[in-house]
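S.K.: output the structure for:
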Amino acid sequence: MSVLSGIVQGKVIPRNFGNIKHLTGSRLKDSSDSLMEANFQPFFTEALQFSKRDRLYVTEKVDGANVGVYKSDGILYPVMRKGYDVRMSNWVFLRQFADFVADNIVRFDALLLDGERVCGEWMIKTHSLFYKLPHEPFVVFDIIQGMDRPVRLEFAKIIERCKCQDFTHAGLVCEGGAVSVAKALEMLGGGFHGCQTAPEGVVYRYERDGAFLMSAKFVSNLNVGGDYMNVANAYNEWTQWH
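M.R.: I've put the predicted structure just below:
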């Protein structure tokens with residue numbers, strides 16, 4: 001069985017996860033946000049070119065901190081977005097993700113093959129929205145194999161792995177063909193993760209023949225962009241850790 005790594009001073013991996021581009025009309029929060037190229041947007045919201053080969057997944061976008069767990073040679077490394085050990089963070093709530101990993105080593109070990117990392121949102125504390133989570137405070141949205149030429153696992157397989165190990169994946173709004181933003185938000189409704197206001201929005205994931213091609217997001221809640229990070233009691237509620 002895998003073990004939790006010791007604290008790593010430098011980068012563990014080059015980067016845990018990159019930024020997802022926005023669809024037109026989405027709420028952009030800061031200078032790092034960018035729009036999806038206009039010629040690609042119809043693939044998500046209007047039509048698919050190869051309906052027998054292509055599949056689109058729409059999931060709820062949640063307001064958390066991007067974290068991951070990388071498995072290498074039987075060691076589990078808890079990392080933040082930029083690839084550093086979460087235990088090197090100045091934020092107490094982010095360092096607490098390592099405690100969650102330590103408490104769930106058996107599950108993470110079973111979830112991941114060697115050389116893979118699971119990417120998700122750590123939601124005990126969030127930037128702009130409050131949640132009463134009906135599940136533990138880690139929400140999976142991707143599993144990635146390799147570093148030099150990373151391969152993102154087919155989303156159907158991510159769902160299957162999460163189910164087997166009792167992890168929570170990003171709430172699935174719909175799957176199949178392209179769907180308009182308006183329709184996706186209508187189907188999202190109040191969301192899956194206990195957001196106490198309107199959910200943040202949706203994420204589109206486009207696959208062809210089971211292989212990831214591209215993704216885009218639409219942030220619909222205009223309150224997103226505020227910052228509760230420095231508010232001492234701005235913690236979400238959640239069910240007991242395993």
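
S.K.: bridged to Tyr61, which residues?
M.R.: You called it Tyr, but residue 61 is Lys. For Lys61, the beta-bridge assignment (DSSP bridges) gives partners Gly201.

S.K.: isn't it right up against Tyr204?
M.R.: No. Counting by CB atoms under 8 Å, Lys61 sits too far from Tyr204 to count as a contact (9.9 Å). For glycine as for every other residue, the C-beta is placed from the backbone atoms N, C-alpha and C.

S.K.: who touches both of these two?
M.R.: Counting by CB atoms under 8 Å, 6 or more residues apart in numbering, the common neighbours of Lys61 and Tyr204 are Lys217, Phe218.

S.K.: tell me the contacts of Tyr57?
M.R.: Counting by CB under 8 Å, 6+ apart, Tyr57 has contacts Phe155, Leu172, Cys174, Glu175, Tyr204, Arg205, Glu207.

S.K.: assign it to helix, strand or coil.
M.R.: Three-state assignment for Tyr57 (DSSP: H, G, I helix; E, B strand; the rest coil): strand.

S.K.: kindly state the pLDDT recorded for it?
M.R.: You'll see Tyr57 listed with a pLDDT of 98.

S.K.: and what of the one 10 residues further on?
M.R.: Taken from the predicted model, the pLDDT recorded for Val67 is 97.

S.K.: in the protein, which spans are strands?
M.R.: 3-4, 21-22, 54-61, 65-72, 75-80, 116-122, 138-145, 151-152, 168-169, 172-176, 201-208, 211-219 (DSSP state E).

S.K.: which strands or helices does the first one pack on?
M.R.: For strand 3-4, the helices and strands in contact under the criterion 3 or more CB pairs under 8 Å, 6 or more residues apart in numbering; DSSP states H and E are strand 75-80, helix 92-103.

S.K.: next one: the last one
M.R.: Judged by 3+ CB pairs under 8 Å, 6+ apart, the packing partners of strand 211-219 are strand 21-22, helix 41-45, strand 54-61, strand 151-152, helix 181-188, strand 201-208.

S.K.: let me know the angle separating it from strand 138-145.
M.R.: Strand 211-219 runs at 150 degrees relative to strand 138-145, counting by axes from the mean of the first three to the mean of the last three CA atoms, to 10 degrees.

S.K.: average pLDDT for strand 211-219?
M.R.: If you average the pLDDT values across strand 211-219, you get 96.

S.K.: in it, what's buried?
M.R.: Phe212, Met214, Ser215, Ala216, Lys217, Phe218, Val219 (16 or more other CB atoms under 10 Å).

S.K.: and what of stretch 23-37?
M.R.: Going by neighbour count (16+ other CB under 10 Å), the buried part of stretch 23-37 is Leu23, Ser26, Arg27, Asp33, Met36.

S.K.: follow-up on the earlier one: comparing the helices and strands packed on strand 3-4, which comes out most buried?
M.R.: strand 75-80 (a mean of 23; mean count of other CB atoms under 10 Å).

S.K.: how far is that strand from where the chain is centred?
M.R.: Mean-position distance between strand 75-80 and its chain equals 16 Å (CA atoms, centre = their mean, to the nearest Å).
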